[in-house]
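Q: quick one, structure for this:
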Amino acid sequence: MIRWLLTTFVALAVLSACWPWLRKLGIGRMPGDVTLRLFGREYHFPFMSTLLLSLIARLL
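A: Just a heads-up that it's a prediction; the model follows:
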């Protein structure tokens, strides 16, 4: 359980740091990706992009 939480936290930290670069590639702008604006900040939830990247990683 702890390993899963740690892996998720590290993955979110890396994706957050790379977010501007990934947006230029089109990641995060697919149907199924959600962007919320609350209190002047943007929160990104790239559900479909995550599924697509997972599928590509699995195929490799």
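Q: checking my notes, G26 in a helix, right?
A: No - assigned with DSSP: H, G, I helix; E, B strand; the rest coil, G26 falls outside any helix and is coil.
Q: ok, it to V34 distance?
A: Using CB to CB, to the nearest Å, G26 is found at 16 Å from V34. The way it works is simple: take the backbone N, C-alpha and C, and place the C-beta from them, glycine included.
Q: how about the helices in this protein?
A: 2-17, 19-24, 47-59 (DSSP state H).
Q: can you redo those as CSV with distance to M30?
A: Listed next are the helices of the chain as CSV, based on distance: least, CB to CB, whole Å:
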stretch, distance to M30
helix 2-17, 15
helix 19-24, 11
helix 47-59, 4
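Q: and the ones you listed as a markdown table, adding mean pLDDT?
A: Output for those, formatted as a markdown table (pLDDT from 0 to 100):
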| stretch | mean pLDDT |
| --- | --- |
| helix 2-17 | 79 |
| helix 19-24 | 79 |
| helix 47-59 | 81 |
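Q: could I get those helices as TSV with mean neighbour count and distance to L38?
A: Listed next are those as TSV, based on neighbours: other CB atoms under 10 Å; distance: least, CB to CB, whole Å:
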stretch	mean neighbour count	distance to L38
helix 2-17	10	16
helix 19-24	11	17
helix 47-59	12	18
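Q: nearest to F39, out of those helices?
A: Relative to F39, the nearest member of those by CB to CB is helix 2-17, separated by 17.6 Å.
Q: tell me which residues are up against that closest one.
A: Here helix 2-17 makes contact (CB atoms under 8 Å, 6 or more residues apart in numbering) with 22, 46.
Q: quick one, that helix and helix 47-59 angle?
A: On the basis of axes from the mean of the first three to the mean of the last three CA atoms, to 10 degrees, helix 2-17 is oriented at 110 degrees to helix 47-59.
Q: can you give me the end-to-end distance of stretch 35-55?
A: 22 Å (CA to CA, to the nearest Å).
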